[in-house]
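Peer 1: I'll drop the sequence and a predicted model, then ask my questions.
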Amino acid sequence: MIQSLRGMNDILESQRFEYFIEVATKIAKNYGFSYIETPLLEETALFKRSVGESSDIVGKEMYQFIDKGENDVCLRPEGTAGVVRAFVQSKFDKAGGTYKFFYHGPMFRYERPQKGRLREFHQFGVESFGEGSVYEDATMIMMIADIFNALGIGYRLKLNSLGDSNCMPQYRESLVSFLDECIEEICEDCQRRKSTNPIRVLDCKSEKCQTLYVNAPKLLNNLCSVCNDDFENLKKILTSNNINFEIDNHLVRGLDYYSKTAFEFVSDNIGAQSAIAGGGRYDRLVEFLDGKATPAVGFAIGIERLLELITMPETVRDGYYFGAMDDEAVELVISLAQAKRKTEKATVSYKSRNLKTHLKNADKANAQYCAIIGENEFKENKIWVKNLDEKTEQIIPISEI
Ligand code: HAM
């Protein structure tokens, strides 16, 4: 039997999945965002230049191959790079102004699968271009909080600032000097990171490294005045909007394009892979991808990690179930269902059955009305209809259904 690939799941909890998309879409639209769809396959260079060659995503996890036209391509590991490419390709950067997009769809990372970590997973993301104000960073966070609150999902919000091109290089230098002093004690990965992308050492998973990094210079103590003011303002805006947060000095994110605000939402109820959303500001990325410098900020929510946390609304019955008790009436109920579908949900049984079976099927289909033509009804051009909510029944002329 052919099975799905490791780490690639069928979405069988489709009601929860659909409900999440419905709620998140409504909220993103309320915030003025509109839907964008970009290809799943892009040039590999796009991710190398945006997510960064030193990141695990590009270095180890890409589904990369040469296509039949000899193009070096890869399945998107995340959504931001493609949206920025589309933004630049459409010359929105040259036109100026603000642009706000949301998207959802599959992402691909060749990671070691485990609970909450898949090779094909789905994200709901938003990207906002042209807004340099830290109010937009706060708005991103409030949008995620709105989505999680609407779905009954508890969370903790972690916050950090990664500085900008003004203060980050100096911070990096002082971090490298610190690492030089303990180079023999840190893990091999961190020794490598020291020369490729030193700040990534800060979220190393090794306990020994983490014990050493308690004494590492802190990003937040090394921000320039612009970044520091923005971060102070962000905290103020969140506080006045009743959003709780924790400062996490070691939150650096796994993608290289961030500057200034970085944030992650985590859940304490889903095990080790606890990040349920992440994002931040990426003011330099449009320029890196050959566009005109444009401030930008965004986030993505990992949908699979949320599914078990969602509180579903009570299911309500809706629409019709049509059935016949004799073969001669089957065609008639099929045509009645067909007409009903112009305005409402209608399912139909292609086989004649007894009333008890029809009622059971109507209940399973979550129909509000079970509409059945029996022998007598057929002769009299009538139909028996039961309201499954109110448990009332009546026989009416077919023309009235
Ligand atoms: P990210 O933190 O790499 O950010 O991914 C966002 C979310 O996707 C994570 O918090 C997690 O819930 C989910 N996720 C990531 N990897 C996996 C996996 N292997 N299996 C299941 N879920 C996963 C980004 O992708 C950025 N593009 C977010 C962003 C948008 N920043 C700015 N704009």
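Peer 2: That came through, no problem.
Peer 1: show me where the stretch 151-300 of the chain has helices.
Peer 2: All helices of the stretch 151-300 of the chain, identified by DSSP state H, counting those that start in this stretch, fall at 168-181, 188-196, 207-213, 225-240, 285-288.
Peer 1: spell out which parts of the protein neighbour the ligand.
Peer 2: 78-80, 109, 111, 117-118, 121, 123, 125, 127, 254-255, 275-280, 298-300, 302, 304-305 (Cβ under 6 Å from any ligand atom). All C-beta atoms are positioned from the backbone trio N, CA, C, and that covers glycine.
Peer 1: in the stretch 251-400 of the chain, what residue is nearest the ligand?
Peer 2: Relative to the ligand, the nearest point of the stretch 251-400 of the chain is residue 302 (2.1 Å; Cβ to the nearest ligand atom).
Peer 1: for the nearest residue to residue 216 once chain neighbours are set aside, give me its contacts.
Peer 2: Closest residue to residue 216 apart from its sequence neighbours, by Cβ to Cβ, 6 or more residues apart in numbering: residue 178 at 5.3 Å. Counting by Cβ atoms under 8 Å, 6 or more residues apart in numbering, residue 178 touches 215, 216, 217.
Peer 1: from the ligand, how far out is the second one?
Peer 2: Computed as Cβ to the nearest ligand atom, to the nearest Å, the residue 216 to the ligand distance reads 22 Å.
Peer 1: can you check the last one too?
Peer 2: Per Cβ to the nearest ligand atom, residue 217 is found 24 Å from the ligand.
Peer 1: thought residue 173 was touching that residue, still the case?
Peer 2: No: in this structure residue 217 lies outside contact range of residue 173 using Cβ atoms under 8 Å: 9.7 Å.
Peer 1: compare the two (neighbour count), which wins?
Peer 2: A count of neighbours by other Cβ atoms under 10 Å puts residue 217 above the other of residue 217 and residue 173, at 16 against 13.
Peer 1: ok, the more buried one - contacts?
Peer 2: 171, 174, 175, 178.
Peer 1: any of these buried? List them.
Peer 2: Buried members of the contacts of residue 217, scored by 16 or more other Cβ atoms under 10 Å, are 171, 175, 178.
Peer 1: contacting residues around the closest residue to the first one other than its chain neighbours?
Peer 2: Leaving aside its sequence neighbours, residue 171 sits nearest to residue 222 (Cβ to Cβ, 6+ apart; 4.2 Å). With contact taken as Cβ under 8 Å, 6+ apart, residue 222 is in contact with 163, 167, 170, 171, 174.
Peer 1: got those as CSV, with pLDDT columns?
Peer 2: Below are the contacts of residue 222 laid out as CSV (pLDDT from 0 to 100):
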residue, pLDDT
163, 96
167, 96
170, 94
171, 95
174, 95
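Peer 1: list just the nearest of those residues to the ligand.
Peer 2: For the contacts of residue 222, the nearest to the ligand is residue 163 (16.8 Å; Cβ to the nearest ligand atom).
Peer 1: tell me who's in contact with residue 47.
Peer 2: 57, 58, 62, 74, 76, 77, 78, 81.
Peer 1: 6 Å - rerun?
Peer 2: Residues in contact with residue 47, defined by Cβ atoms under 6 Å, 6 or more residues apart in numbering, are 58, 81.
Peer 1: tell me which element it falls in.
Peer 2: Here residue 47, judged by DSSP states H and E, is contained in helix 44-50.
Peer 1: after that helix comes which helix or strand?
Peer 2: Helix 44-50 is succeeded, C-terminally, by helix 56-60 (DSSP H and E).
Peer 1: would you mark the buried spots in that next one?
Peer 2: 56, 57, 58.
Peer 1: chain center to the helix or strand following that helix, what's the gap?
Peer 2: Using DSSP H and E, the helix or strand that follows helix 56-60 towards the C-terminus is strand 63-66. Per Cα atoms, centre = their mean, to the nearest Å, the displacement of strand 63-66 from the mean C-alpha position of its chain is 24 Å.
Peer 1: following element in sequence after strand 63-66, please.
Peer 2: Next element after strand 63-66 (DSSP H and E): strand 72-75.
Peer 1: and the helix or strand just after that following strand, what does it pack onto?
Peer 2: Downstream of strand 72-75, the next assigned helix or strand under DSSP H and E is helix 80-89. Here helix 80-89 touches helix 44-50, going by 3 or more Cβ pairs under 6 Å, 6 or more residues apart in numbering; DSSP states H and E.
Peer 1: got the CA positions of the helix it packs on in CSV?
Peer 2: C-alpha atoms of helix 44-50 as CSV (Å, rounded to 0.1, in the frame of the first residue of the first chain):
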residue,chain,number,x,y,z
THR,A,44,16.3,28.5,-4.5
ALA,A,45,18.2,31.8,-4.6
LEU,A,46,15.1,33.6,-3.2
PHE,A,47,15.3,31.7,0.1
LYS,A,48,19.1,31.8,0.3
ARG,A,49,19.0,35.6,0.1
SER,A,50,16.1,36.1,2.4
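Peer 1: so for it, mean pLDDT?
Peer 2: Averaging pLDDT along helix 44-50 gives 97.
Peer 1: rewinding a little: which among the helices of the stretch 151-300 of the chain is found nearest to residue 36?
Peer 2: With Cβ to Cβ as the criterion, residue 36 lies closest to helix 285-288 of those, at 15.0 Å.
Peer 1: need the residues that contact that closest one.
Peer 2: 49, 50, 84, 93, 257, 293, 294.
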